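[1] Sequence unavailable; structure follows:
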């Protein structure tokens, strides 16, 4: 096993049972299962940013939550620094919770409106009992807030979230997530709710923290150009599966999966558009409840053949560090 | 710094109360009664065991006795003032007991869900549907008639409604994202319940408290009137009880039974007004701008 990896996930699955009505129970025998994440494997190295890109409903947020044990794993394993994460192991979980943090998409929902900034940022310290005196607690919060670019700190410590702007809230969330000095952070669309002018500031901050502390990120986004900009590797997700994974330039310019090509074709970069003809995908993403035989993308794929509807393609390495799950990856 | 913040919030709340006519009326009536309950007995001496002279029995209001006397020759005004202290004390403590039980049961049921929820809610339903008056009477009769027994009996019969309301709010709060974020930090259930659920259900509990207090005072009056009160305590309910026993209604001694009755009505009215007003102030959806 490669011990340089901060996170190693192997074939994780998150399936949800859908509640059915009595009538449905009588008509259909088998359970309805929603496969939010259906066999995803990847690893994230130290100081690496892996972007998980996909449409809404592709299972990217659920993958992030499953890694942090916030969504129930149906199958598969998550290794943190070479050690398997098991919820029963209380001592390990305590360490894991300190070292792995999550930044949520919506800064309006992810902080308690009845707490003041000081208490929000200090909460991880309180939970893990890391500070003894009030003065020490405030000092640490000050440092964290300054690091998150909230200055002058004095002005904000005793404010309630409703007195802050969206960008400031996200900085407070960041300060709170970073106060324990984690080694791994799941950032779930941390900037998608923010104005364009504030985005760059937050993104720069995330990158700075990576450089300073060798933080690893799982960066979840639906914005391929953003992923291209900031990440070391990109994974493309569709209906709970990874379609393609590799270095950003490979994905953007030499995407081998038809789904990746459809995504890159609609990217607003002028240089990219010149190269590829626009692929407009027919239809819509099938529901994750449906049982699909073969490749999950075959219902919308412009180059699908008979084999695609029968056999599911596995992720295969077509060149060093570039994996694609398509039967015709090499022919394109 | 923190208490300053609390003070600021309290001031804001005070201003909202002052603007709301219902709340203001309720607050004024209630504060008069509370002041009388605290300071009245210090000024006016009274004891249920001291009887007046024969010529003072059942006298109508006069210059000497502003509200007249009862059939034992005791001053009704003095009795009323002492009764305020006892009635309000019973109301306050019984309400406190109800709120604590109701909040704990509601949060536990809502937060843990599943089996815990089922067990606790069936228990709550039991208290909700059982006729409370007979239950209180039976309990009071078994436990004996002392002041603290009355408080206990009223307290443990009045929490079911609060538990239901708190559970409903807990169900909604626990699904909010900041709770999930707290889990991701590694917080335990107790931390989440105390620091995230409780502060978010508290306004509801607070608004409910005053309504429960109104019920508690009516309950005390009812129990005492039925003869299940503490005979050594001069509560308003006991006054009504003695008035009824002494045949005040038949004798036309309106000054005997009207004052305690009016006091009970006024206090309950003030609590109810406050309750509805708090609901309006604390629930932004009902607030009229």
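    On my side now, so go ahead. What you are looking at is a predicted structure, and each value in this text was computed from that prediction instead of being measured. Numbers count the residues shown, from 1 in each chain, chains lettered A, B, ... in the order given.

[2] secondary structure class for residue B:71?
    Assigned by DSSP: H, G, I helix; E, B strand; the rest coil, the conformation of residue B:71 is coil.

[3] ok, it - how many residues close by?
    Residue B:71 has 18 neighbours, counted by other C-beta atoms under 10 Å in any protein chain shown. Just so you know, the C-beta spots here come from the backbone N, C-alpha and C atoms, and that holds for glycine as well.

[4] thinking it is in contact with residue B:248, fair?
    Yes. Counting by C-beta atoms under 8 Å, residue B:71 touches residue B:248, with 7.2 Å between them.

[5] who in chain A is up against chain B?
    A:68, A:70, A:93-94, A:96-98, A:101-102, A:104, A:106, A:109-116, A:123-124, A:126-128, A:157-158, A:173, A:176, A:180 (C-beta under 8 Å from any C-beta of the partner chain).

[6] Of those, which count as buried by neighbour count?
    When these are checked for burial by 16 or more other C-beta atoms under 10 Å in any protein chain shown, the buried set is A:68, A:70, A:96-98, A:101-102, A:104, A:106, A:110-112, A:114-116, A:123-124, A:127-128, A:157-158, A:173, A:176, A:180.

[7] Which of these fall within helices?
    Counting by DSSP state H, those place A:96-98, A:123-124, A:127-128, A:157, A:173, A:176 in helices.

[8] Could you report the neighbour count for residue 14?
    Picked chain A for this. Residue A:14, neighbours per other C-beta under 10 Å, totals 22.

[9] that answer is for a different chain, and I need it for chain B
    Residue neighbour count, defined by other C-beta under 10 Å, stands at 11 for residue B:14.

[10] buried sites along stretch B:238-253?
    B:238-244, B:246, B:248, B:253.

[11] TSV please, covering these and showing distance to chain A and pLDDT.
    Formatted as TSV, the buried residues of stretch B:238-253 follow (distance: C-beta to the nearest C-beta, whole Å; pLDDT from 0 to 100):
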residue	distance to chain A	pLDDT
B:238	43	84
B:239	44	83
B:240	44	84
B:241	46	84
B:242	49	82
B:243	49	81
B:244	49	82
B:246	54	76
B:248	52	74
B:253	54	76
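
[12] what two of the residues you listed are the furthest from one another?
    B:238 and B:253 (16.2 Å; C-beta to C-beta).

[13] check contacts around residue A:232.
    Going by C-beta atoms under 8 Å, 6 or more residues apart in numbering or on different chains, residue A:232 touches A:48-50, A:247-248.

[14] rerun at 10 Å
    A:44-45, A:47-51, A:210, A:216-217, A:219, A:247-248 (C-beta atoms under 10 Å, 6 or more residues apart in numbering or on different chains).

[15] Same check on residue B:212?
    Contacts of residue B:212 (C-beta under 10 Å, 6+ apart): B:91, B:94-99, B:102, B:154-155, B:158-159, B:161-162, B:205, B:271, B:275.

[16] what about the strands in the stretch 101-250 of chain A?
    With DSSP state E, counting those that start in this stretch as the criterion, the stretch 101-250 of chain A has strands at A:184-188, A:216-221, A:233-238, A:241-246.

[17] The third one pairs with which strands?
    Note on strand A:233-238: by DSSP bridges, its sheet partners are strand A:49-54 (parallel), strand A:241-246 (antiparallel).

[18] May I see those arranged in JSON lines, with mean pLDDT and mean neighbour count as well?
    Listed next are these as JSON lines, based on pLDDT from 0 to 100; neighbours: other C-beta atoms under 10 Å in any protein chain shown:
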{"stretch": "strand A:49-54", "mean pLDDT": "90", "mean neighbour count": "25"}
{"stretch": "strand A:241-246", "mean pLDDT": "88", "mean neighbour count": "26"}
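
[19] Buried ones among the contacts of residue A:232?
    For the contacts of residue A:232, buried by 16+ other C-beta under 10 Å: A:44-45, A:47-51, A:210, A:216-217, A:219, A:248.

[20] Please name the nearest non-neighbouring residue to residue B:182.
    Leaving aside its sequence neighbours, residue B:182 sits nearest to residue B:192 (C-beta to C-beta, 6 or more residues apart in numbering or on different chains; 5.4 Å).

[21] thought the one you found was touching residue B:174?
    Yes. Residue B:192 is within contact range of residue B:174, at 7.8 Å (criterion: C-beta atoms under 10 Å).

[22] Pull up the overlap in contacts between those two.
    B:111, B:180.

[23] lowest average confidence, helix or strand, in the chain?
    No chain specified, so I'll use chain A. Within chain A, no helix or strand scores below helix A:270-275, which has a mean of 54 by mean pLDDT, DSSP states H and E.

[24] not quite, I wanted chain B
    Going by mean pLDDT, DSSP H and E, chain B bottoms out at helix B:248-251, a mean of 75.

[25] How about residues contacting it?
    Identification of contacts with helix B:248-251 by C-beta under 10 Å, 6+ apart yields B:58, B:70-71, B:239-240, B:242-244, B:254-258.

[26] need the contact list for the closest residue to chain B within the stretch 51-200 of chain A.
    Across the stretch 51-200 of chain A, no residue is closer to chain B than residue A:97, which sits at 2.9 Å (C-beta to the nearest C-beta). Residues near residue A:97 by C-beta under 10 Å, 6+ apart: A:68-69, A:124, A:127-128, A:180, A:182, B:183-187.

[27] now, which of those residues sits nearest residue A:264?
    Ranked by distance to residue A:264 (C-beta to C-beta), the contacts of residue A:97 are led by residue A:68 at 29.5 Å.

[28] near chain A, anything from the helix or strand hosting residue B:268?
    Assigned by DSSP states H and E, residue B:268 falls within helix B:254-282. No. Counting by C-beta under 10 Å from any C-beta of the partner chain, chain A has no neighbours in helix B:254-282; the shortest distance is 12.1 Å.

[29] which secondary structure elements does that helix contact?
    helix B:2-19, helix B:21-43, helix B:76-112, helix B:198-225, helix B:236-245, helix B:248-251 (3 or more C-beta pairs under 10 Å, 6 or more residues apart in numbering or on different chains; DSSP states H and E).

[30] Show the average pLDDT along the helix or strand following the third one.
    Next in sequence after helix B:76-112, counting helices and strands by DSSP H and E, comes helix B:114-129. Per-residue confidence for helix B:114-129 averages out to 90 on the pLDDT scale.

[31] Return the list of helices and strands in contact with helix B:114-129.
    Short answer (3+ C-beta pairs under 10 Å, 6+ apart): helix B:114-129 packs on helix B:76-112, helix B:160-173.
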